[in-house]
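Peer 1: Predicted model, plus sequence, below.
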Amino acid sequence: MSRKPRLAVFKFASCDGCQLSLLDAEDELLAICDRVDIAHFAEASSDLQPGPYDVALIEGSITTAEDAARIRRVRLDSKFLITIGACATAGGIQALRNWANVDDWVDSIYPSPEFISTLSTSTPIAQHVHVDFALHGCPINYHQLVDVLVALAEGRQPRIPSHSVCLDCKHRGTVCHVVARGVPCLGPVTQSGCGALCPAYDRGCYGCFGPSVPANTSSLLNKFRMLGQSPDQLVPLLRNFNAAAPEFQRAADQLTILRSNDEGTPS
Amino acid sequence: MTVHSTALRANPWLTRTARIEDVIGEISGVCTYRLTVSDKNGGASYGFAPGQFNMLYLPGVGESAISMSGDPARTDSWIHTVRVAGNVTKTLAGLGRGDTLGLRGPFGTGWPHEELIGNDIVIVAGGLGMAPLRPLIYQLMSQRDKFNRIWLICGARSFDGLLYVREYNTWRKGGIDVQLTVDRATDGWAGHVGVVTLLIDRLQLPRPEQTYLVACGPEVMMKYAAASGIRLGIAEKRIWVSLERNMRCAAGLCGHCQLGPEFICKDGPVLRYDRIRKYLFVEQL
Amino acid sequence: MAQTSAVLFFSKPRLQSLLDELRTRGYCVVGPTIDQEAIIYDEILSVDELPRGWTDEQAPGQYRLRRRDDDAWFGYVVGPHSWKKYLFPPKTTLLSAEKTANGWEFIPRADDSTSFALLGVRACELAAIRIQDRVFLDGPYQDPLYRERRQRLFIVAVNCTQAASTCFCTSMKTGPRCEQGFDLALTEIDSGFLCDVGSDVGQDVIAVCSAVEATSEQQQSAASARQQAVDQIERRMDTSDLPGLLLGNLDHPRWKEVGDRCLSCTNCTMVCPTCFCSSVTEIRDLNMDRVDRERSWDSCFNPDFSYLGGSLVRNDTASRYRQWLTHKLDSWQNQFGTSGCVGCGRCITWCPVGIDLTEEVAAIRETSTP
């Protein structure tokens, strides 16, 4: 094998949780260091080497004009660019601003709003530059990250499972919340990655890993409506960590249209 | 039944260590591997029916179904011609002589050797589809007098995509009418240009009712080849094709490779055309 | 075997003796118990863990536990789990690869030594086990783990005395009466259990229950309890043109229509007691000295399932639903000489959006192109 691939980790608007999950993977991290040369990882080391990089991991979404320019420079420096986590792949929880007035929020949150310069939206990396591979999740599953890095180091095409959370529930023997309790759960339209954690602890799926491949949100939302859930209850379910993922965004937007229709008719 | 095939019946996941003895470059991205296996239970045997395949296993990467492409009479090793396509074959391409991998098999059905006896045979190969047909050609050559006329029609994208070119003259001398065609003429190619069906269509079959057509290649090519054969008067039940689907367990136990009612790994890969024709034309089946 | 024709009777508390005896004989006894607001299958040590006084109400896409107005021990139908998880577990290590000085060596999975005794197997579930026997044992290749566990299996069947709205075993001719394939088959009545003995081992084991020959009154109440289940079954599936109907209607517009409702979430295939699709994953340590090949339940509803040469053969939900239903009710017959459906209704109940295969078949038949 030729030289070790050079890895860089870049942070945009995010909580650092995904980077931390890489640092948390203690045993694997050592093995990864054997296979890749970590050239730029500010969270781990102050030795920040310049590009070009073979693999760039991008955490976070684009919320400022500076970041919109910076991601383009990173792209030019990186052969294979991977977005890690819900922020980078779908705009993150901060994409809730896309449905609000950012100036109002800034005024209400910051004591000196004049120092805040931000875009009115939080957008996924893929809306700015070409993304070679996306790792979903809030936070990511570090086993998936390790698998992807090892595959790249070995010259293979990385692959991660794309099935719904339901399959993982069934592997664990978890009883379906939608069917047995009438609880809205995003599992049937959410991509695997967490191992069906929440349903195993008595709560429906929050959709942290974003829409699954055939995410049939309209059919599932029909069911939730039949269970007596109002659009007011369902919109926040979809507008969460992956609010700006196209399938969830479209579904929530349609619900808000329903909501305004509902308001016109007494229930 | 060999000791190994009995063991494989009881546990199709039984994987043996295969050692790469030689690697020969064929065409771009395609190599032929000679493999030997060490078998603690009952010694290695290399018997197979032309058309069958082995599962080659690269630990940590996965398995891939690869057809046998060597001489079935050979008793010292298995021969596999492999094109780099997915992760398994890509990793295999990085291995060399002396390296080891896992092997399960042989699995699947073979070409209808017994039925072919006494008949004329049209063999149609497209691109890498030549690989699972070569064992059949060796078998026919070794008992040449048992069969009547034999044509081999080979197609490829261009001349450098034709597999086993070095052997064509031997086959011709052995009484096989080898005809070649390419999609694109390059480098002074003076032969036919066009799809294999152009060559099938112009065959003068002396007795179509006693003629078999066997084909392996891209699915669309096989469908057209079969249609051409039918036009020449070859009955559907005398047309055999080798199909490819997502073969995972190779034993009909995992469900991945189904096409209509057929498990391609177990009921195929070699199937009689009248048995699967109607399913081949249904989209996304 | 020396089957006794006599139907036996034992009082309810004696069931504990049966459990104890099975445990003494080395069986892990698994049976119905309440967990996660459902009646699931898990290891049972005591009859107190049975869902006594509880029942299940089922409808397409809906399951609820309900209190009964009596103290029946087996007064429910079937739940989200099926027994296949014991014979064909959701995850199994098939093989390990180890790197040695001589290259890779492959070690078959260590023999599994668990013996299971299943308590509370319904007639449709006995049929499901018979179907998986055909898949995993009767073909040219056998699944070794299934074979080992199946050989050692002990089955205590319990006849249904009621049916859910999703049941249609009578259409599939699999129930509700347990007729074959058990060691013991019980029918619950108020005062105790009537017991049919189906094997020598069963005969041997039942001795601990101090069972006596059932009286004609007891037999009469057992028969009427079983009849109650028959009478409650309302759902029907016409099987007269199966197989053939679905494979003959591969271009039917209904596939697209159901594809619009289907979530492709895999729930139906996971709860189905006969679905057997699986995939193998490479579990490697990072130094790559050892790799385990882990098999887990997979589903024809997963897009990757039909991966072939860089693309997907079945690339939309309609084609995946068509694959599932056609396989289950039609091509299964060609492959294994039986339908793949036992009429347990799980796929109807546990489909989050309540897709009902009996309705889908009827819709296709209605506008079938012969």
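Peer 2: Done, it's in. Numbering: from 1, shown residues only, chains lettered A, B, ... in the order given.
Peer 1: burial count for the residue in the stretch 101-250 of chain C that chain A sits nearest to?
Peer 2: In the stretch 101-250 of chain C, the residue that lies nearest chain A is C:T166 (11.2 Å; Cβ to the nearest Cβ). Quick note: C-beta positions are derived from backbone N, CA and C, even for glycine. C:T166 is flanked by 27 other residues according to other Cβ atoms under 10 Å in any protein chain shown.
Peer 1: Quick one: name the residues of the stretch 201-350 of chain C near chain B.
Peer 2: C:247, C:250-251, C:276-280, C:282, C:284, C:288, C:291, C:293, C:298, C:300, C:305-310, C:313-316, C:319, C:322-323, C:326-327, C:330-331, C:334-335 (Cβ under 8 Å from any Cβ of the partner chain).
Peer 1: quick one: what helix or strand has residue 79 in it?
Peer 2: Answering for chain A, as no chain was given. Secondary structure assignment for A:K79, by DSSP states H and E: strand A:78-84.
Peer 1: Oops, wrong one, chain B.
Peer 2: Counting by DSSP H and E, B:I79 is part of strand B:78-83.
Peer 1: outside of that strand, which residues touch it?
Peer 2: Contacting residues not belonging to strand B:78-83 are listed as B:18, B:26, B:29-37, B:46, B:48, B:54, B:56, B:64, B:66-71, B:89, B:92-93, B:103, B:128, B:131, B:134, B:163 [Cβ atoms under 8 Å, 6 or more residues apart in numbering or on different chains].
Peer 1: Make a PyMOL selection of the buried ones in those.
Peer 2: Restricted to buried positions by 16 or more other Cβ atoms under 10 Å in any protein chain shown, the PyMOL selection for those reads:
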select buried, chain B and resi 18+26+30+31+32+33+34+35+36+37+46+48+54+56+64+66+67+68+69+70+71+89+92+93+103+128+131+134+163
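Peer 1: Just the contacts of strand B:78-83: which are in strands?
Peer 2: B:18, B:30-37, B:54, B:56, B:64, B:66-67, B:103 (DSSP state E).
Peer 1: What helices and strands are in contact with the helix ranked longest in chain C?
Peer 2: Ordering each helix of chain C by length in residues (DSSP state H) puts helix C:216-232 first. The contact analysis (3 or more Cβ pairs under 8 Å, 6 or more residues apart in numbering or on different chains; DSSP states H and E) places helix C:216-232 against strand C:184-189, strand C:192-197.
Peer 1: Can you give the distance of the last one from its chain's centre?
Peer 2: A distance of 22 Å separates the centroid of the chain from that of strand C:192-197, by Cα atoms, centre = their mean, to the nearest Å.
Peer 1: With the first one instead?
Peer 2: Relative to the mean C-alpha coordinate of its chain, strand C:184-189 is positioned 19 Å out (Cα atoms, centre = their mean).
Peer 1: in the stretch 51-200 of chain C, what residue is nearest chain B?
Peer 2: C:G103 (2.9 Å).
Peer 1: Let's see the pLDDT reported for that residue.
Peer 2: We note a pLDDT of 94 for C:G103 in this prediction.
Peer 1: That one: what's its closest spatial neighbour, skipping adjacent residues?
Peer 2: Counting by Cβ to Cβ, 6 or more residues apart in numbering or on different chains, B:T100 is the residue found nearest to C:G103 once chain neighbours are left out, at 2.9 Å.
Peer 1: What count of nearby residues applies to the one you found?
Peer 2: 22.
Peer 1: need the contact list for it.
Peer 2: Contacts of B:T100 by Cβ under 8 Å, 6+ apart are B:17-20, C:102-104.
Peer 1: now, the most widely separated pair of those?
Peer 2: Pairwise distances across those peak at 13.4 Å for B:I20 and C:N102 (criterion: Cβ to Cβ).
Peer 1: Compare those two (neighbour count), which wins?
Peer 2: B:I20 (19 against 10).
Peer 1: I'd say that one and B:L101 touch.
Peer 2: Yes - when contacts are counted by Cβ atoms under 8 Å, B:I20 is listed as touching B:L101 (7.4 Å).
Peer 1: what touches both of those two?
Peer 2: B:35, B:95.
Peer 1: sorry, back to before: report the angle between the axes of the longest helix of chain C and strand C:184-189?
Peer 2: 90 degrees (axes from the mean of the first three to the mean of the last three Cα atoms, to 10 degrees).
Peer 1: How far off centre is helix C:216-232?
Peer 2: Taking mean C-alpha positions (Cα atoms, centre = their mean), helix C:216-232 and its chain are 24 Å apart.
Peer 1: quick one, phi/psi of C:L50?
Peer 2: Reported as degrees, to the nearest 10, the phi and psi values for C:L50 are phi -70, psi 160.
Peer 1: Look up how far C:G192 lies from it.
Peer 2: 14 Å (Cβ to Cβ, to the nearest Å).
Peer 1: do C:E49 as well
Peer 2: Separation of C:E49 from C:G192 (Cβ to Cβ): 19 Å.
Peer 1: between those two, which one's more packed in?
Peer 2: C:G192 (21 against 16).
Peer 1: Give me the spatial nearest neighbour of that one, chain neighbours excluded.
Peer 2: Take C:G192 and drop its neighbours on the chain: the residue closest to it by Cβ to Cβ, 6+ apart is C:S11, 4.2 Å away.
Peer 1: Show the buried residues in the residues of the stretch 201-350 of chain C next to chain B.
Peer 2: C:247, C:250, C:276-280, C:282, C:284, C:291, C:293, C:298, C:300, C:305-307, C:313-314, C:316, C:319, C:322-323, C:326-327, C:330-331, C:335.
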